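In: Sequence first, predicted model second:
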Amino acid sequence: MQRPLRKSATNRSLFGVCGGIAEYFDLSPLGVRLLFLIVPGNVLIYTILANSMKDAPRYL
C-alpha cells in the first residue's frame with residue numbers, strides 16, 4: 001500500500017507543500033524548494049498544490 005501525498009507537518013516553510021513532496025519521494029526538502037524556483041509557472045503550481053493537498057496529521 002502506497003502512502004498518500006500530503007503536506008508536511010514538521011518540515012514547512014509556507015504551507016508544507018515542498019516538505020510533503022520531499023517526504024513522499026524521500027528527497028531533500030531544500031532540493032525540492034530549489035526545483036520550484038526554476039520551474040516555469042511555479043507560483044501557479046504551488047498554489048494549486050497548496051489548496052489540493054491534504055494536511056498531514058499533527059502529532060504531539
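Out: Looks like it came in fine.
In: Quickly note the distance from Leu34 to Cys18.
Out: 9 Å (C-beta to C-beta, to the nearest Å). C-betas here are computed from N, CA, C, even on glycine.
In: Actually, Tyr24.
Out: From Tyr24 to Cys18 the distance is 11 Å (C-beta to C-beta).
In: Now do the contacts for the residue nearest the centre of the chain.
Out: The centroid of the chain falls nearest to Val17 when counting by C-alpha atoms, centre = their mean (2.2 Å). By C-beta atoms under 8 Å, 6 or more residues apart in numbering, the contact set of Val17 is 7, 46, 49-50, 53.
In: Give me the pLDDT value at it.
Out: Note for Val17: predicted pLDDT of 95.
In: Then Met1?
Out: 61.
In: what about the one helix or strand Ile48 maps to, average pLDDT?
Out: Here Ile48 is covered by helix 42-52, with elements defined by DSSP states H and E. The pLDDT scores in helix 42-52 average 95.
In: Downstream of that helix, the next helix or strand is which one?
Out: Toward the C-terminus from helix 42-52 - assigned by DSSP H and E - lies strand 54-55.
In: What about the nearest residue to Pro29 once chain neighbours are set aside, how many residues nearby?
Out: Nearest residue to Pro29, sequence neighbours excluded (C-beta to C-beta, 6 or more residues apart in numbering): Ala22, at 4.1 Å. As a burial measure, Ala22 scores 19 neighbours (other C-beta atoms under 10 Å).
In: Check Phe25 too.
Out: 11.
In: do the same with Leu35
Out: Using other C-beta under 10 Å, Leu35 is surrounded by 14 other residues.
In: if we can go back for a sec, got a list of contacts for the helix holding Ile48?
Out: Counting by C-beta under 8 Å, 6+ apart, 7, 14-15, 17, 21, 36, 39 sit against helix 42-52.
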